[in-house]
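Chemist: build me a model:
(one chain, ligands or ions: 1)
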Amino acid sequence: MSDPIWFDPTLCLIGKDWQPAMDRQTLTLTNPSDGSDICQIARGSAVDVDRAVAAARTALGSEWGALTAAERGRILLRLSVLVRDRVEDLARLEAMDVGKPLTQARADALALARYCEFYGGAADKMHGETIPYLDGYTVYTLREPHGVTGHIVPWNYPMQIIGRSIGAALAMGNATVLKPAEEACLTALAFAHLAQEAGLPAGALNVVPGLGAEAGASLAAHGDVDHISFTGSVATGALVQQAAGGNVVPVTLELGGKSPQLVFDDADLDAALPFLVNAGIQNAGQTCSAASRILVQRGVYAAVRDRMAAAYGELTVGPALSDPRVGPLISGRQKEIVSRYLNLGSDLNVVAQGTVLPDAPETGHYVRPTLFADVPAGHQLAREEIFGPVQVIIPFDTEEEALTIANSTDYGLVAGIWAREGARQMRLAKRLRSGQVFINNYGAGGGVELPFGGFGKSGHGREKGFEALYGFSQLKTVAAYHG
Ligand code: NAD
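Modeler: Numbers count the residues shown, from 1 in each chain. Model prediction:
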């Protein structure tokens, strides 16, 4: 296999130039599958963020800012084609960097292409309205970009999150500064190279890799940033909101989750089963919308438990490039966190575990996917985000009880309902405290078009779909008096 890194990973993109961090500091990226060093990346600091924000500001007043919406859309469409052409390369980068099994990494790369396509097509379809008003007036609204937008992205789905947030921001004419996660940022850098190749004007996209407490914190608090899109943990999200609040800047927070799937006695179990398991173990459970709680009505409880247990028995865990069902966790630290939760569950009923393949290097960050049954709804494992391949099954008797349990955590990102009765589906969809509700499916094929975001501590603001374009723009009302 040829070296999958086809660019210099040690550089930041500032304006049109790739350059090292001002103080030439670097960080080491490691491969979660075997703990080996992959390469050095730039350790950007406040001064690099400053330069990136200045480059973005300049872009708004030059070539980028002068483009029409249709021209911006065309660039995104070109970028979508370039991403699609490089799906295999991008998937290999992600597999190496995040430990994501190749099949899942490929799906992420295709989603990135699809985001560019969706937002490329949408760029010239956003418009204001005319508003009937007093006699002698014509009133209309304009949708304008915020200006400079900051994008702070986690390591678990870099390509998807970059696609949905940078894609929408560029479609609306913002100039962006991207701070990828320090654990995994190769596809962010690759994406920026492809964006240049697609003809994105200088400064429309700037990339400053670095530590959260340095580059991330500087971007969140920067006085010349007009909007912050943050995806990550609740604790960091609160810090970012506080920092941006100091500048009275709007913030979109896409945070964690403890998402439930509710399985009723009349559910089509054959249809449900793959979704119940996949949504828990995809990306080794390091997914904000992971369905980590499976709530099952008593009549089908034993059947669901046993069928999920059988599926867990088949799960194999191994190095990402060998494309197992489950890859490693991102880091030794994440493995410690997940192991701590597994210990907390030592008094619970473990009904099945997956298998770590014998050829998985000991230096990789592997844990066995673990399925717990009969878990009390108030148990820590049933309330806290674990961010690992761990699911709990919780029994319930009535619809009301299921709803109470489903709504009982601090989070509210995604929920799934498996039931045939239409009235029940509608009642629950209304009463579940969740940004997305899926009926007889979960995840709906990625859902680039579907607005996404949280209730409660899962965050606020919406990304994905058309809704993101409202978030990445602001509305101006023009009232003209002409008599
Ligand atoms: P994290 O909060 O540690 O890091 C996320 C990003 O924030 C990284 O780029 C990091 O460098 C940066 N950061 C860290 N400290 C910062 C600071 N003080 N100021 C500014 N930026 C800072 O989160 P993580 O561990 O990388 O990601 C896991 C979390 O992300 C989970 O809770 C998961 O549920 C959540 N997540 C949510 C979504 C969603 O769309 N809702 C998607 C993916 C992940």
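Chemist: which SSE is residue 395 in?
Modeler: Assigning secondary structure by DSSP states H and E places residue 395 in strand 390-396.
Chemist: any stretches of this structure with poor pLDDT?
Modeler: Judged against pLDDT under 70, the low-scoring parts of the chain cover residues 1-2, 445.
Chemist: domain-wise, how is it divided?
Modeler: Under the assignment named as automatic domain parsing, the residue ranges that make up the domains of the chain are 12-255+460-478, 260-447.
Chemist: of all those domains, which lies closest to the ligand?
Modeler: Between the ligand and the domains of the chain, the shortest gap by Cβ to the nearest ligand atom is with domain 12-255+460-478, which sits at 2.0 Å. C-betas here are computed from N, CA, C, even on glycine.
Chemist: ok, the closest one near the ligand or not?
Modeler: Yes - contact between domain 12-255+460-478 and the ligand, assessed by Cβ under 6 Å from any ligand atom, occurs at 152-157, 179, 181-182, 212-213, 216-217, 220, 231-233, 236, 239-240, 254-255.
Chemist: look up how far residue 208 lies from residue 37.
Modeler: Relative to residue 208, residue 37 is positioned 22 Å away (Cβ to Cβ, to the nearest Å).
Chemist: can you check residue 261 too?
Modeler: When distance is defined by Cβ to Cβ, residue 261 is 38 Å away from residue 208.
Chemist: what does the stretch 351-483 of the chain have sitting close to the ligand?
Modeler: Proximity of the stretch 351-483 of the chain to the ligand is confined to 385, 387, 413, 459 under the rule Cβ under 6 Å from any ligand atom.
Chemist: out of the domains of the chain, which is closest to residue 5?
Modeler: Each of the domains of the chain was checked against residue 5 via Cβ to Cβ, and the shortest separation belongs to domain 12-255+460-478, namely 6.3 Å.
Chemist: and the end-to-end length of the closest one?
Modeler: The first residue of domain 12-255+460-478 is 40 Å away from its last residue (Cα to Cα, to the nearest Å).
Chemist: SS state for residue 24?
Modeler: Assigned state for residue 24: coil (three-state reduction, DSSP: H, G, I helix; E, B strand; the rest coil).
Chemist: pop out the phi and psi values for it.
Modeler: Backbone torsions for residue 24, taken as degrees, to the nearest 10, come to phi 60, psi 20.
Chemist: residue 142 too?
Modeler: Residue 142 adopts backbone torsions of phi -120, psi 140, taken as degrees, to the nearest 10.
Chemist: for it, give me its contacts.
Modeler: Going by Cβ atoms under 8 Å, 6 or more residues apart in numbering, residue 142 touches 128, 475, 476, 478.
Chemist: again, only this time at 7 Å
Modeler: Shown here is residue 142, whose contacts under the criterion Cβ atoms under 7 Å, 6 or more residues apart in numbering are 128, 476, 478.
Chemist: which SS state does the closest residue to the first one other than its chain neighbours fall under?
Modeler: So the one you mean is residue 128. Distances taken as Cβ to Cβ, 6 or more residues apart in numbering place residue 141 nearest to residue 128, at 3.6 Å, with adjacent residues excluded. Following three-state DSSP, we place residue 141 in the strand state.
Chemist: ok, now which ones touch residue 141?
Modeler: Residues in contact with residue 141 (Cβ under 7 Å, 6+ apart) are 128, 129, 475, 476, 477.
Chemist: tell me the contacts of residue 282?
Modeler: When contacts are counted by Cβ under 7 Å, 6+ apart, residue 282 is found next to residue 104.
Chemist: measure it to residue 114 for me?
Modeler: Applying Cβ to Cβ, the value for residue 282 to residue 114 is 18 Å.
Chemist: check residue 453 too.
Modeler: Distance from residue 453 to residue 114, counting by Cβ to Cβ: 19 Å.
Chemist: now residue 404
Modeler: In terms of Cβ to Cβ, residue 404 sits 37 Å off from residue 114.
Chemist: between the two, which has more neighbouring residues?
Modeler: Of the pair residue 404 and residue 114, residue 114 is the one with more neighbours under other Cβ atoms under 10 Å, namely 20 against 12.
Chemist: the closest residue in space to the more buried one that isn't next to it in sequence: neighbour count?
Modeler: Here the nearest residue to residue 114 in space, its sequence neighbours aside, is residue 448; by Cβ to Cβ, 6+ apart that works out to 4.9 Å. Other residues within reach of residue 448 by the criterion other Cβ under 10 Å amount to 22.
Chemist: do residue 334 as well
Modeler: Around residue 334 there are 22 residues (other Cβ under 10 Å).
Chemist: does it sit in a helix or strand, and which one?
Modeler: helix 332-344.
Chemist: picking up where we left off before, which of residue 261 and residue 208 has more neighbours?
Modeler: When neighbours are counted by other Cβ under 10 Å, residue 261 and residue 208 differ, and residue 208 comes out ahead with 30 against 26.
Chemist: got a list of what the nearest residue to that one once chain neighbours are set aside touches?
Modeler: In space, residue 208 comes closest to residue 44 once its chain neighbours are excluded; the distance is 3.8 Å by Cβ to Cβ, 6+ apart. With contacts defined as Cβ under 7 Å, 6+ apart, residue 44 is in contact with 12, 21, 208, 209, 210, 215.
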